[in-house]
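> Below: sequence and its predicted model.
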Amino acid sequence: TDGHGADIVFDHVAGKAFTDGLKMVAPLGMIVSYAVLGGMPETDLFAAMRANIEKSPAVRCFTMHTYDHMEEPRREAMARAVEFLGGSTVRPAIAARFPLAEARDAHALIESRNAAGKIVLKP
């Protein structure tokens with residue numbers, strides 16, 4: 001950013017560093033937490049938000065399951081996501097590629113939590 005901060009931060013790790021995201025958001029910015037791969041935050045979230053009060057930060061916990069019983073909004077959200085990803089330069093980070101025969105090694109890498117990106121199995 002230009003020093004302004006990020007309007008939105010998507011966080012799927014949480015854990016010890018979750019509240020560090022509050023330092024990255026722009027005024028009125030938001031952190032969206034959609035998984036806790038690193039465990040629950042260890043810092044008092046409300047205290048960290050108050051420490052960054054000049055930005056009026058927001059935190060939202062999100063799951064697609066919110067849409068489980070809302071067929072039309074779910075269909076619309078998925079269509080927008082497919083449209084966005086299909087026409088953009090967004091590319092997932094690939095941490096490793098494994099032949100399907102080495103799926104056990106791929107799973108071990110996932111469990112080690114040392115992979116920064118997707119693990120791809122090739123047939």
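Structure's in. What do you need? Numbers count the residues shown, from 1 in each chain.

> what mean pLDDT would you report for the longest strand along the chain?
Longest strand in the chain, counting residues (DSSP state E): strand 25-33. Mean pLDDT, strand 25-33: 95.

> Return the list of helices and strands in contact with it.
Other elements packing on strand 25-33 under the criterion 3 or more C-beta pairs under 8 Å, 6 or more residues apart in numbering; DSSP states H and E are strand 6-11, strand 58-61. Every C-beta, even on glycine, is put in place using the N, C-alpha and C of the backbone.

> tell me the angle the longest one makes with strand 25-33.
Between the axis of strand 6-11 and that of strand 25-33 there is an angle of 20 degrees, by axes from the mean of the first three to the mean of the last three C-alpha atoms, to 10 degrees.

> What is the neighbour count of residue 51?
14 (other C-beta atoms under 10 Å).

> and the helix or strand of the chain with the lowest mean pLDDT, what other elements does it pack with?
Least confident helix or strand, the chain: helix 71-86 with a mean of 88, by mean pLDDT, DSSP states H and E. Helices and strands touching helix 71-86, as assessed by 3+ C-beta pairs under 8 Å, 6+ apart, are absent.

> which residues are contacting the next helix or strand after it?
Later in the chain than helix 71-86, the nearest helix or strand by DSSP states H and E is strand 94-99. Residues external to strand 94-99 that are found in contact with it (C-beta atoms under 8 Å, 6 or more residues apart in numbering): 105, 106, 109, 115, 116, 117, 118, 119, 120, 121, 122.

> next one: phi and psi at the last one?
Which is residue 122. Phi and psi for residue 122, reported as degrees, to the nearest 10, are phi -110, psi 130.
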